[in-house]
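Enquirer: The amino acid sequence is not available; the structure is as follows:
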């Protein structure tokens, strides 16, 4: 309104949208937005087309979009703007033309996809967000965004969000591209592959699982850097469905490749001079195959680095019998606090092992105080009534007694009287 213009000293005109001062631009944008039908739309369109400053042109586009007066022709013009920030806003404002119920949406989507190769990272990031959810025709564009921006966490997340149910197809195409690289993969490129595989594995059926695992087993060149992390992600997801890598492969060639890789990994796991990272990767992957339980048990009970033994104990815990696991409980007191936690977690996952743990506590070989409050509560709610009764007798009384002792020890504090003079001395030193 005129009163508002007079009060703030800014005119509600397109010229003010092109001001160098950011506060004047923002104020003019607000005033023009409030005027609705009184805005000189031709002047705003001229500013969007040939304004002197990128911020002015971007403000004009946004104003037209907020008023519902932006047309696709102007959007396509701004998608070619020399300034990256204007192109980014044009991509975002162009989203209304690529919705499922919009006529000629394929042409509009195709125009946005061309900016997947934009030299500016922020524009490519916006393209990925604008294509959510991606359609089959969008995957090539998403691959370009992913490959050029894989080292940026937010770009990876945008690609993952856009890929959605097509994560497996996108992971496969990116993995194939990695095989042609003549350099080592970066951490971001490996992380991108893992993120996509994790999303794909969560929704894959048996056929899709086999295709993804087979591609990982065939990995060549630079792509081999992502092979073990990728197979581990697949093994974890398949395990939750009661399957493993070996049983998922139906072709003789893939079975042979998996057996050869497993043999190599077992050799690495048993080597004394392998790197800790290689050790742990090998053990974590082999832990999902029962055929390697013996090897995992040897490492779990061996004199090896704590991180390596922790991975082996976790893996062995999936396959060890109760009698075998008693060996772990018998050496519990000699383990480090970190390994004790790993042992307890694996022990409490099995009723028979839990009973063996309670035997050790009853015999005094393991102190009840080794169990934290969460673990004790978990035992107290165990589905087996016999175990619950033993827990109440062995652990419940111990915890209650410890708590009562602490409260009793601090009771005298409540009877102490204050000393004002000592308080004054303290303040004097502050």
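Expert: Thanks, I have the structure now. All figures in this text were calculated on a predicted structure; none of them were measured in a lab.
Enquirer: which element follows the biggest helix by length in the chain toward the C-terminus?
Expert: Across the chain, the longest stretch assigned as helix under DSSP state H is helix 252-270. Tracing the chain past helix 252-270, the next element assigned as helix or strand by DSSP states H and E is helix 276-286.
Enquirer: how much space between residue 223 and residue 386?
Expert: When distance is defined by CB to CB, to the nearest Å, residue 223 is 52 Å away from residue 386. (Glycine included, C-beta is placed from N, CA and C.)
Enquirer: Which one's more surrounded, the two?
Expert: Neighbour count, other CB atoms under 10 Å: between residue 223 and residue 386, residue 223 has more, with 24 against 11.
Enquirer: thought that one was touching residue 175?
Expert: Yes. With contact defined as CB atoms under 8 Å, residue 223 counts as touching residue 175 (5.6 Å).
Enquirer: Point to the residue nearest the middle of this protein.
Expert: The residue lying closest to the centre of the chain (CA atoms, centre = their mean) is residue 195, at 6.7 Å.
Enquirer: who's in contact with the residue nearest to that one when sequence neighbours are not counted?
Expert: Spatial nearest neighbour of residue 195, chain neighbours left out: residue 160 (5.2 Å); criterion: CB to CB, 6 or more residues apart in numbering. By CB atoms under 8 Å, 6 or more residues apart in numbering, the contact set of residue 160 is 167, 195, 196, 199.
Enquirer: So for residue 160, what pLDDT did the model give?
Expert: Residue 160 carries a pLDDT value of 94.
Enquirer: what does residue 418 give?
Expert: 75.
Enquirer: cool, residue 387 as well?
Expert: Confidence at residue 387, expressed as pLDDT, is 89.
Enquirer: Pull up the gap between it and residue 350, please.
Expert: Going from residue 387 to residue 350 by CB to CB gives 11 Å.
Enquirer: can you tell me the average pLDDT over stretch 212-228?
Expert: 90.
Enquirer: gap between the two ends of that stretch?
Expert: Stretch 212-228 has its terminal residues 13 Å apart, counting by CA to CA, to the nearest Å.
Enquirer: Tell me which residues of that stretch come out buried.
Expert: Using 16 or more other CB atoms under 10 Å as the burial criterion, the residues of stretch 212-228 that qualify are 212-217, 219, 222-223, 225-228.
Enquirer: How about the secondary structure of the closest residue to residue 330 other than its chain neighbours?
Expert: Nearest non-adjacent residue to residue 330, counting by CB to CB, 6+ apart: residue 365, 7.3 Å away. Of the three states, residue 365 takes coil according to DSSP: H, G, I helix; E, B strand; the rest coil.
Enquirer: wait, doesn't residue 365 sit right on residue 331?
Expert: No. Using CB under 8 Å, residue 365 is not in contact with residue 331, being 10.1 Å away.
Enquirer: Which of the contacts of residue 160 fall in strands?
Expert: Under the assignment DSSP state E, the contacts of residue 160 contribute nothing to strands.
Enquirer: which two of those residues lie the greatest distance from each other?
Expert: Within those, two members stand farthest from each other by CB to CB: 167 and 195, at 8.3 Å.
Enquirer: ok now do the residue nearest to residue 225 when sequence neighbours are not counted, which residues does it touch?
Expert: When the adjacent residues along the chain are set aside, residue 225 lies closest to residue 185, with 4.5 Å between them (CB to CB, 6+ apart). With contact set as CB under 8 Å, 6+ apart, residue 185 has these partners: 178, 222, 223, 225, 226.
Enquirer: quick one: low-confidence ranges for the stretch 151-300 of the chain?
Expert: Applying pLDDT under 70 to the stretch 151-300 of the chain flags the ranges 272-274.
Enquirer: can you give me the helices for it?
Expert: 153-163, 167-178, 187-203, 206-217, 227-240, 245-248, 252-270, 276-286, 293-300 (DSSP state H, counting those that start in this stretch).
Enquirer: that older thread, output the contacts of residue 185 as a markdown table; include the columns distance to residue 51.
Expert: Formatted as a markdown table, the contacts of residue 185 follow (distance: CB to CB, whole Å):
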| residue | distance to residue 51 |
| --- | --- |
| 178 | 43 |
| 222 | 45 |
| 223 | 47 |
| 225 | 47 |
| 226 | 46 |
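Enquirer: Show only the entries of these found in strands.
Expert: Using DSSP E, none of these sit in strands.
Enquirer: Out of the residues you listed, which comes closest to residue 143?
Expert: Among those, and counting by CB to CB, the member closest to residue 143 is residue 178, at 11.2 Å.
Enquirer: What is the burial count for that closest one?
Expert: 21.
Enquirer: Make 2 the starting number, not 1.
Expert: Yep, numbering from 2; the last one is residue 179 now.
Enquirer: My read is that it contacts residue 224, right?
Expert: Yes. The criterion here is CB under 8 Å, and residue 179 meets it with residue 224 at 4.0 Å.
Enquirer: what's the closest non-adjacent residue to residue 137?
Expert: Counting by CB to CB, 6+ apart, the residue nearest residue 137 is residue 167, at 6.9 Å.
Enquirer: leaving aside the residues next to it on the chain, what's closest to residue 86?
Expert: Nearest in space to residue 86, with sequence neighbours left out and distances taken as CB to CB, 6+ apart, is residue 55 at 5.4 Å.
Enquirer: Was I right to think the residue nearest to the centre of the chain contacts residue 156?
Expert: No. Contact status for residue 196 versus residue 156: not in contact, 11.2 Å apart, counting by CB under 8 Å.
Enquirer: So which residues of the stretch 2-151 of the chain form helices?
Expert: Taking DSSP H, counting those that start in this stretch, the helices of the stretch 2-151 of the chain run over residues 3-9, 15-18, 23-36, 42-51, 55-67, 73-79, 85-94, 106-114, 122-131, 140-150.
Enquirer: Just put those in JSON lines and tack on distance to residue 251 and mean neighbour count.
Expert: Shown next, in JSON lines, are these (distance: least, CB to CB, whole Å; neighbours: other CB atoms under 10 Å):
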{"stretch": "helix 3-9", "distance to residue 251": "73", "mean neighbour count": "11"}
{"stretch": "helix 15-18", "distance to residue 251": "64", "mean neighbour count": "22"}
{"stretch": "helix 23-36", "distance to residue 251": "62", "mean neighbour count": "17"}
{"stretch": "helix 42-51", "distance to residue 251": "58", "mean neighbour count": "16"}
{"stretch": "helix 55-67", "distance to residue 251": "53", "mean neighbour count": "22"}
{"stretch": "helix 73-79", "distance to residue 251": "49", "mean neighbour count": "18"}
{"stretch": "helix 85-94", "distance to residue 251": "44", "mean neighbour count": "22"}
{"stretch": "helix 106-114", "distance to residue 251": "36", "mean neighbour count": "17"}
{"stretch": "helix 122-131", "distance to residue 251": "35", "mean neighbour count": "22"}
{"stretch": "helix 140-150", "distance to residue 251": "26", "mean neighbour count": "21"}
